[in-house]
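Novice: Below is the structure, and that's it, no one-letter string:
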């Protein structure tokens, strides 16, 4: 049974990659820069997204897609931040996949959207295996999770274009070895863009927004 | 393809449940109380386990099994706490399953073990679907994750015999609504044993240890 299972899983991943390419074509055709945020539960994905929307919404037309197992809590927060937000409830699945994104994209006016912000399901493992077809994959780590996470969840750190370390306002209350964390990230993804910040206090946010804007400009150029 | 995939997944889960029963039989036959700790990455599973080992190791013969995608960091910490510890590297899988536990059990002298502590892979979704055959499933939540996790990850909260809320020493630095968190847990799993504590300061630890010892006594009776 193991062999059969592996074959099916490979078929699923191949079908997913194919759909991810179709998503990417659609996003490129409609000049929509798409960004996928991934993180452990409670790392502060939604808080950072709300901050990012606030910083960029005067300059870009933004839409949001939120993936969760249940509830619309996060999409509601995106909507409150002033963007059109679509909730995907995965019904148990531990990640978004390309077909879920494809369906959600039908509910967004892509011709009038410059920036699409996708919040993946809270999980440090599964989302890494399923390409969505976006332009940027961003990992949000957080100080309370601990400094050993790059070592313990390497796949996630390999497939992203930037790592954000959120909740740096809490550094005084944790034994978080920044050099050890950075070494772990560098070993997996050398030269990766890195933004320590606090979505709560706003510290470090400017560097992240400046990098993101530069990336969006390159994608839309 | 969807139908075929679902059938395979059901076969896997059925095969897993069958092996979980075999694990349980073995644990019962050898009078080994087995406890599976599940949590999001960074909730403090290993720290709480180290504290729990320290509190119980004079009264029980303890062994540990640690599940991670990569590294032996956590099993090393268990071993430092003074117990025989076996590391399972899942090689990408987001959870332990019954066959992984079955293999790990062959490396433990169960006839001379009273208490087996299992640390699952850091994940709030996948481990809930794979029974291991243990006597107790415990979920460790933590204050920095936020008070909305029972609502967003309901499956995990339904299948456990106790919820620990770790890192309560950090409550002053977070907007964590304890009543909202408790209501969410109660709705999913009424009357569930609940232990707010700090594995760092030791606050609240006595209640958890007392409950655990009572449970172990009942299992071994």
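Specialist: Cool, got the structure. Keep in mind the model is a prediction, meaning the values are calculated, not measured. Numbers count the residues shown, from 1 in each chain, chains lettered A, B, ... in the order given.
Novice: for the residue nearest to the spatial centre of chain A, which residues make a bridge with it?
Specialist: Using CA atoms, centre = their mean, the residue of chain A that lies closest to the mean C-alpha position is residue A:37, 1.0 Å off. Counting by DSSP bridges, residue A:37 forms beta bridges with residue A:119, residue A:138.
Novice: so who does it touch?
Specialist: Residues near residue A:37 by CB atoms under 8 Å, 6 or more residues apart in numbering or on different chains: A:45, A:48, A:49, A:117, A:118, A:119, A:120, A:138, A:140. (Each C-beta comes from the backbone N, C-alpha and C, glycine too.)
Novice: Measure how buried the closest residue to residue A:143 other than its chain neighbours is and give me the count.
Specialist: Distances taken as CB to CB, 6 or more residues apart in numbering or on different chains place residue A:167 nearest to residue A:143, at 4.5 Å, with adjacent residues excluded. Number of residues near residue A:167 (other CB atoms under 10 Å in any protein chain shown) recorded here: 29.
Novice: again, but for the one 5 residues further on
Specialist: A count of neighbours around residue A:172, defined by other CB under 10 Å, yields 9.
Novice: Make CSV out of the contacts of residue A:37 and add pLDDT and neighbour count.
Specialist: CSV is the format used below for these (pLDDT from 0 to 100; neighbours: other CB atoms under 10 Å in any protein chain shown):
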residue, pLDDT, neighbour count
A:45, 96, 25
A:48, 97, 26
A:49, 97, 26
A:117, 98, 25
A:118, 98, 26
A:119, 97, 28
A:120, 97, 29
A:138, 98, 26
A:140, 98, 26
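Novice: which one among the residues you listed gets closest to residue A:205?
Specialist: Nearest to residue A:205 among the contacts of residue A:37 is residue A:48, at 8.6 Å by CB to CB.
Novice: Now do the SS call for that closest one.
Specialist: Three-state secondary structure (criterion: DSSP: H, G, I helix; E, B strand; the rest coil) places residue A:48 in helix.
Novice: That one against residue A:139, yeah?
Specialist: No. Using CB atoms under 8 Å, residue A:48 makes no contact with residue A:139, being 11.4 Å away.
Novice: Touching the helix or strand hosting residue A:163 from outside, list them.
Specialist: Here residue A:163 sits within strand A:162-166, counting by DSSP states H and E. With contacts defined as CB under 8 Å, 6+ apart, strand A:162-166 is touched by A:43-44, A:47-48, A:136, A:138-143, A:157, A:181, A:185, A:189, A:192-199, A:208, A:211.
Novice: Name only those of these that count as buried.
Specialist: Neighbour counting by 16 or more other CB atoms under 10 Å in any protein chain shown classes A:43-44, A:47-48, A:136, A:138-143, A:157, A:181, A:185, A:189, A:192-199, A:208, A:211 among these as buried.
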